[in-house]
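Engineer: here's a sequence, model it:
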Amino acid sequence: MKNRIMANTAEITYTGNLHTQAKHIQSGIIIATDAPKDNQGEGAAFSPTDLLATSLATCILTTMAIIAKRDGVSRNIDGTKAEVIKVMESNPRRVGEVHVKIIFPKQYEEKERKILENAAHTCPVSKSLHPDLKQVIEFIYP
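Structural biologist: Predicted coordinates for the structure are as follows:
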């Protein structure tokens with residue numbers, strides 16, 4: 001049997017008008033959501049599909065940081081940014097593509113770039129998404 005880790009992650013409350021509040025169990029931090037403007041919402045907060053796209057980018061950054069530390073990359077990735085674009089499809093309505101641009105403030109050797117880029121493509125969120133969802137990851141170095 002595979003090793004499995006179960007964690008009580010969040011408690012979500014529907015607060016009306018297409019809004020929710022998601023409370024992270026361990027920290028108590030709350031994330032609000034709203035339906036997007038193109039789907040009857042106000043666009044007042046992240047939509048659930050925004051969170052999906054954002055989760056991919058945050059997972060990429062976190063995984064790169066873990067791997068950089070573990071594999072001895074000469075410089076940490078502090079200050080690295082990610083820009084995210086999601087592309088919605090219809091019939092059925094779903095996220096069809098997520099574009100993530102990773103912008104590094106520091107230079108890395110070619111070997112280190114390969115380590116970081118491989119980490120980005122193998123983060124847990126990336127590996128959890130359906131293969132039909134196109135993931136476009138671009139790396140920008142100074």
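
Engineer: which strands or helices does the longest helix anywhere in the chain pack on?
Structural biologist: Longest helix in the chain by number of residues, with DSSP state H as the criterion: helix 48-70. In terms of contacts (3 or more CB pairs under 8 Å, 6 or more residues apart in numbering; DSSP states H and E), helix 48-70 is packed against strand 30-34, strand 81-89, strand 94-103, helix 110-121, helix 124-128. C-beta: built from backbone N, CA, C; applies to glycine.

Engineer: below-threshold pLDDT in the chain: ranges please.
Structural biologist: Scanning the chain for pLDDT under 70 picks out the ranges 1.

Engineer: how is it partitioned into domains?
Structural biologist: Listed by automatic domain parsing, the domain ranges of the chain are 1-46, 47-140.

Engineer: dump the ones you listed into TSV; add mean neighbour count as well.
Structural biologist: Output for these, formatted as TSV (neighbours: other CB atoms under 10 Å):
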stretch	mean neighbour count
domain 1-46	12
domain 47-140	15
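
Engineer: wait, which of the helices and strands packed on helix 48-70 is closest to Asn8?
Structural biologist: Minimum separation from Asn8 across these (CB to CB) falls at strand 30-34, 15.9 Å.

Engineer: who's in contact with the nearest residue to Thr13 once chain neighbours are set aside?
Structural biologist: Excluding its sequence neighbours, the residue lying closest to Thr13 (CB to CB, 6 or more residues apart in numbering) is Gln21, at 5.1 Å. Contact partners of Gln21, counting by CB atoms under 8 Å, 6 or more residues apart in numbering, are 12-13, 15, 30-33.
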